[in-house]
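A.B. asks: Starting from these lines, generate the structure:
(chains A and B)
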Number of protein chains: 2
Amino acid sequence: MEKAMSDFVYYNPVKVLFGRNKISELGALIPDGKKVLITYGGGSVKRFGTLDRVKEALHSHIVGEFGGIEANPTYSTCMEAVERFKEGRYDYLLAVGGGSVIDATKFIAAAIAFDGDPKDIFGQGVGKGLPVESAVPFGSVLTLPATASEMNETSVITFKEEKAKISFSSRHVFPEFSILEPELTYTLPKRQLANGITDAFVHVIEQYLTYPVNGMVQDEFAEGLLRVLIEIGPDVVDEDNHDYALRANYMWTATLALNRLISRGVPGDWSTHGLGHEITVLNNTDHARSLSAILPAVMVVRKLKKWDKLVQYAEKVWGITEGTEEAKIDAAILKTVAFFKSIGMPTNLSDVGVDEADIDTLVRQLKDHGNEAISERGDQTLDVSCEIYQKALDLNF
Amino acid sequence: MEKAMSDFVYYNPVKVLFGRNKISELGALIPDGKKVLITYGGGSVKRFGTLDRVKEALHSHIVGEFGGIEANPTYSTCMEAVERFKEGRYDYLLAVGGGSVIDATKFIAAAIAFDGDPKDIFGQGVGKGLPVESAVPFGSVLTLPATASEMNETSVITFKEEKAKISFSSRHVFPEFSILEPELTYTLPKRQLANGITDAFVHVIEQYLTYPVNGMVQDEFAEGLLRVLIEIGPDVVDEDNHDYALRANYMWTATLALNRLISRGVPGDWSTHGLGHEITVLNNTDHARSLSAILPAVMVVRKLKKWDKLVQYAEKVWGITEGTEEAKIDAAILKTVAFFKSIGMPTNLSDVGVDEADIDTLVRQLKDHGNEAISERGDQTLDVSCEIYQKALDLNF
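C.D. replies: Okay, here's the model as predicted:
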């Protein structure tokens, strides 16, 4: 074999409790005597009774609440939670929500324990990018399968003033445990289900659609996750279809899409996320909708760079075996677009409210956030990113 | 979807360091001041310089050695190591070897900390099957990819007098870290390489070839692992082929085959292991050779019980799409046998020195070890196991 996977470390100590009524085990998961601050988002966990179930399970613990975490959680909201935690002399955090709430809770946990200005946990023009040396322990109850934040050590926080979405990672912000109840997805509206499927899909793509290094298992696993998402996607977005097995597959697939397993030893791209983040910062487009609006253009513009993996993607994921390599690639791109459309996702920048005049702003934001040389080879310059934005506006499949 | 995966817990805190020269990082992985007892097997780690590299990396630690752990590690040898550890006032264990050394070290770690007779850690007629509440911390340096013991919490120990191979599992015996250097496989002889490929293959089969529960990702991952093993197997067993990428795929695949990921939420069989263990106890047949000698007969005798998954196995793993379901199954069984033969593994009981007169003994041993109702449904009685042994003797592909 010509190329080989690179060296890697795999470490993921998150304890996942998956299945029915796992919230009832919360009392045993959080050490006795801990005072727990429960973090959550916009109130759906109240409306649908999840918060009550959590509090009932923690009836032997002292608990407090911090609600109102946004879909793209902001630094300032998180810092309010830090204050609440310190004032209330809490000593454990419990995130009840989707990726935004869990991401926010990771930062809150790190910020509470941080010696210095918590902004310095972030780099990319916002802070000094200092390492996180410790964090308050926390667990999560997942309500929206999408980001896999429940089983990784990364958090993305939005800085309103700086117009930036910036991530940090630390082994100290793995959740101690995450509760995955597929039935919690039954109350999700179609838009969030479609976002979740798309987010998971693009996560796998970012770790797969690069260049081949003979990471055979990594490729097999990535292709398997993509095939599952493609197969279940259209059924999952039917919000009235409360098939437990279906939702269980959705939930576990989304977690495995970004628990770091498939990325070990192989290159990663993340340019679709990089370009998508700037759209969300610009006009608050849902994270996943920014991704589906950008990915087809990435595939078209970066076709030559991703050639071998695009052929493999066509053959293994979409079962396209006829025609030239280029014909396979083009067919696979069309299939990808059709898949997004089938679950109601945008596939073009105009679908997410971006027009010609915005492109300069998006590119300038990329530059401000230090994204001048991204993608798996670091060769996606601002010019190339500009071309991708332009293509994402022009493409009309 | 008709059936759904069952509830599960996934927890695997092992830190895997994978790649070139990772042994050099040992000094930083084991806390300063720990006195380390290095456990190993028959001397190949000395002959090929691995032990020297380990000791060089631990030059700032005080280390001792315990060699001579057998291929099927015995209780009595492990208890000698327990004595050595206590007498020498060690406080950390480092396993340098394959699955046997790591399995032994897990038991040694548990036995040292066990309050009572360590035999009671085992059930199945040997002891009381008491839970392990703590263990001495340990790490591993893997030299033979096969068992995945480096990334799970299970150990199999042989009891000579009782003629038994018995396992125990405990979250306290996960290695703290495991070092995976693909280059360490370059000194392995063909027989051990073939054993490793086969052991990993049968591990996946035991977690896959049961009945379908719509564990879509679990199935995709299992099928991917099997396809990789089938593709690389013949090249891996060429002991002179020191292709790094090839050996890296072999090593990572064997670990993922039994790090518990693919078994979550789906049924497991383990009857091939159960029946194979008795052969090893009877005549010391290599563990993997006992498996390849039994598995084809399991597929034949249990065809009706495993029908749906056998069809899926034929289609997804072997790409057999023509013919009736039964024709596909039969073709897949033949392919499995041909695969084992291609890497020099036995596929019949007579190949491993078992004859007609031994079958009663094997069945009696199964009974003595409490294996009267095994397999994914617990419906493999001793009569069925006897039929499988008989079939494994008669089959001549």
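
A.B. asks: does residue A:72 sit in a helix, a strand or a coil?
C.D. replies: Local secondary structure at residue A:72 is given as coil here, using DSSP: H, G, I helix; E, B strand; the rest coil.

A.B. asks: How about it: what's its closest non-neighbour residue?
C.D. replies: On the basis of C-beta to C-beta, 6 or more residues apart in numbering or on different chains, the spatially nearest residue to residue A:72 that is not a chain neighbour turns out to be residue A:158, at 4.5 Å. Where you see a C-beta, it was placed from the backbone N, CA and C, and this is true even at glycine.

A.B. asks: what's in contact with the least confident helix or strand in chain A by mean pLDDT?
C.D. replies: Using mean pLDDT, DSSP states H and E, the weakest-scoring helix or strand in chain A turns out to be strand A:164-169, at a mean of 92. Outside strand A:164-169, the residues that touch it by C-beta atoms under 8 Å, 6 or more residues apart in numbering or on different chains are A:72, A:107, A:110, A:121-126, A:129, A:132, A:153-159, A:277-278, A:280-281, A:365, A:368-369.

A.B. asks: Filter the residues you listed down to the buried ones and hand me the ChimeraX line.
C.D. replies: Selecting in ChimeraX just the buried members of those, where the criterion is 16 or more other C-beta atoms under 10 Å in any protein chain shown, is done with this command:
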select /A:72,107,110,121,122,124,126,132,153,154,155,156,157,158,159,277,278,280,281,365,369
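
A.B. asks: To what extent is the residue in the stretch 251-397 of chain A that chain B sits nearest to buried, counted in neighbours?
C.D. replies: Nearest residue of the stretch 251-397 of chain A to chain B, counting by C-beta to the nearest C-beta: residue A:253, 5.3 Å away. The burial metric for residue A:253, expressed as a neighbour count using other C-beta atoms under 10 Å in any protein chain shown, is 27.

A.B. asks: can you check residue A:319 too?
C.D. replies: Close neighbours of residue A:319, defined as other C-beta under 10 Å, add up to 10.

A.B. asks: Report the angle between whichever helix or strand residue A:156 is part of and strand A:164-169.
C.D. replies: Under DSSP states H and E, the secondary-structure element containing residue A:156 is strand A:154-159. Angular relation of strand A:154-159 and strand A:164-169 on a 0 to 180 degree scale: 150 degrees, by axes from the mean of the first three to the mean of the last three C-alpha atoms, to 10 degrees.

A.B. asks: strands paired with the least confident helix or strand of chain A, and their directions?
C.D. replies: Paired with strand A:164-169 in the same sheet, following DSSP bridges, are strand A:154-159 (antiparallel).

A.B. asks: how far does the partner strand sit from the chain's center?
C.D. replies: Remark: strand A:154-159 is offset 11 Å from the chain centroid, using C-alpha atoms, centre = their mean, to the nearest Å.

A.B. asks: Identify all contacting residues around that strand.
C.D. replies: Outside of strand A:154-159, the residues that reach it under the criterion C-beta under 8 Å, 6+ apart are A:70, A:72-75, A:78, A:102-104, A:106-107, A:110, A:122, A:126, A:149, A:164-169, A:173, A:277, A:280-281.

A.B. asks: which stretches of the stretch 1-150 of chain A have low pLDDT?
C.D. replies: Counting by pLDDT under 70, the stretch 1-150 of chain A shows no low-confidence range.

A.B. asks: Can you tell me which residues in it are near chain B?
C.D. replies: Proximity of the stretch 1-150 of chain A to chain B is assessed by C-beta under 8 Å from any C-beta of the partner chain, with A:1-20, A:22 identified as the residues in range.

A.B. asks: List only those of those residues flagged as buried.
C.D. replies: Among the residues of the stretch 1-150 of chain A next to chain B, the ones that count as buried (16+ other C-beta under 10 Å) are A:1, A:4-5, A:7-8, A:10, A:12-19, A:22.

A.B. asks: Go through the residues you listed and flag which are in helices.
C.D. replies: Among those, none falls in helices (DSSP state H).

A.B. asks: mind listing the strands for chain A?
C.D. replies: Ranges of strands within chain A are A:8-18, A:35-39, A:62-66, A:92-97, A:138-142, A:154-159, A:164-169, A:177-180, based on DSSP state E.

A.B. asks: List the strands paired with the longest one, with their directions.
C.D. replies: Spelled out, that is strand A:8-18. Its sheet considered, strand A:8-18 pairs with strand A:177-180 (parallel), strand B:8-18 (antiparallel) by DSSP bridges.

A.B. asks: what's the closest of those strands to residue A:338?
C.D. replies: Of all these, strand A:177-180 sits nearest to residue A:338, with 29.7 Å by C-beta to C-beta.

A.B. asks: residues making contact with that closest one?
C.D. replies: Against strand A:177-180 from outside (C-beta under 8 Å, 6+ apart): A:14-19, A:22-23, A:25-26, A:29, A:139-142, A:145, A:150-151, A:251-252, A:255.
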